[in-house]
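Novice: starting from these lines, generate the structure:
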Amino acid sequence: MYITLDGVSRQYGDIWAVDRVNMGIGQSEFVSLLGPSGSGKTTLLRIIAGLEKPTTGRVLIDGVDVTDLPPHRRGVAMVFQEFLLFPHRTVYENLAFPLRMLKLPKAEIEERVAWVVGILSLAGLEKRYPNQLSGGQQQRVALGRGLVGRPKALLLDEPLANLDRELRQEMEVEIRRHQIALGIPFIYVTHNQEEALSMSDRIAVVRRGRIEDFAPRTQIYDTPRTAFIAQFVGRSNRFEGTLDGAGMLASDCGARLAVPAAGLAAGSRAMLFVKNEKLRLDPAGATPAGANSLACTVKDVILRGAYADYILAFGNRELNASRPRSERAFLAGEAVTASFDAADMDLFDADGERPS
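Specialist: Next comes the predicted model:
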């Protein structure tokens, strides 16, 4: 592993912001630290950068213990949520600034700035000031200022949080493309699951200072290891209840749901999650009644481009389904049957762990 966190913790008073984290990141990996606000992901990133010192544990980069080294001696760069561009300096001057602080020769500064301008499509903007740039152009300059020093790794702390949705999606593609081309590790902090899923090779889900799971993005989404991940990543319907001896969950909302063989004893409390896109919709009465078929009424329909999100009333609770608009459309007030397969659910025990 190119970057290794070995038992890293960070304590503030009585609070452990980071608690015994072990991670290994490959030399050309894009890794996202994904978690809710206050989970410890930014503190973890700052420890890697050298802006925070761990209370316990070590940080190794390229086999070298850098735990006690200052940021400028670690060979990494960091891009922050705020662009932090000098408003009185041109694009060229903003990009050249960190190199001038290193007292590099003028010819090398010009060569490195030209390299960054080329890979980030900033040609023609070198003489402009930040207030003459679009949000996306400012973000590329901020990214370029991190890359101009040719770091061993680039650390990004929610760099797209201040951009609108469309521009953010464009920048996701650009950042991933640049990471692949450069072949250096990017470590990206975000609370936005769409960003993490679109860019990452692997995702570390951070919760209360600990790594809930660290796995390929498809595994995080398709087979979440814990109930927290199932609820945090993707949009899901949650059911809780008690298992009987016939492979059924008697849910608290009144439904009896067939579940896969789980190794949980009869009488155990359990919870299951079904992602919105796994919930099928049919006109009421069009399909035979089954254990995982629920009689619902459409409360509202939200259009999302090629998909429609349906808010369904089931008894005294709501369910949510996301279906392609190429399928049969339903209107508010229609009676429908919502159904799903046992193979499409994620089942967890009362502690939120996936049964072995």
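Novice: surely E110 is within a strand?
Specialist: No. Assigned with DSSP: H, G, I helix; E, B strand; the rest coil, E110 falls outside any strand and is helix.
Novice: burial count for it?
Specialist: The tally of other residues near E110 (other C-beta atoms under 10 Å) stands at 14. Where you see a C-beta, it was placed from the backbone N, CA and C, and this is true even at glycine.
Novice: F340 too?
Specialist: For F340, the count of nearby residues is 21 (other C-beta under 10 Å).
Novice: mind checking the SS state of R238?
Specialist: Classification of R238 by three-state DSSP places it in strand.
Novice: then A343?
Specialist: Three-state assignment for A343 (three-state DSSP): helix.
Novice: cool, A266 as well?
Specialist: coil.
Novice: from S268, how far out is the closest residue to it other than its chain neighbours?
Specialist: The shortest distance from A266 to any non-neighbouring residue, by C-beta to C-beta, 6 or more residues apart in numbering, is to G245 (4.0 Å). Look at G245 and S268: by C-beta to C-beta, to the nearest Å, they are 11 Å apart.
Novice: and the nearest residue to A204 once chain neighbours are set aside, how many neighbours does it have?
Specialist: Spatially, and ignoring its direct neighbours in sequence, A204 is nearest to F214 (4.3 Å; C-beta to C-beta, 6+ apart). Per other C-beta under 10 Å, the neighbour tally for F214 reads 20.
Novice: same for the helix or strand harbouring F214, what does it pack against?
Specialist: Using DSSP states H and E, F214 maps to strand 210-216. Strand 210-216 sits against strand 15-25, strand 202-207, helix 227-232, with contacts defined as 3 or more C-beta pairs under 8 Å, 6 or more residues apart in numbering; DSSP states H and E.
Novice: swap the cut-off to 10 Å and go again
Specialist: Other helices and strands packing on strand 210-216, by 3 or more C-beta pairs under 10 Å, 6 or more residues apart in numbering; DSSP states H and E, are strand 15-25, strand 30-34, strand 202-207, helix 217-222, helix 227-232.
Novice: so for R58, which of those sits nearest?
Specialist: Of all the helices and strands packed on strand 210-216, the one in closest proximity to R58, counting by C-beta to C-beta, is strand 15-25 (10.4 Å).
Novice: what's P216 in contact with, if anything?
Specialist: 200-203, 222 (C-beta atoms under 10 Å, 6 or more residues apart in numbering).
Novice: who does it bridge with?
Specialist: In this entry, P216 is beta-bridged to R202, by DSSP bridges.
Novice: domain ranges for this structure?
Specialist: What automatic domain parsing lists as the domains of the chain is 3-223, 235-349.
Novice: and those, which is most packed in?
Specialist: domain 3-223 (a mean of 18; mean count of other C-beta atoms under 10 Å).
Novice: end to end on that one, go ahead and measure it.
Specialist: Its first and final residues considered, domain 3-223 spans 26 Å by C-alpha to C-alpha, to the nearest Å.
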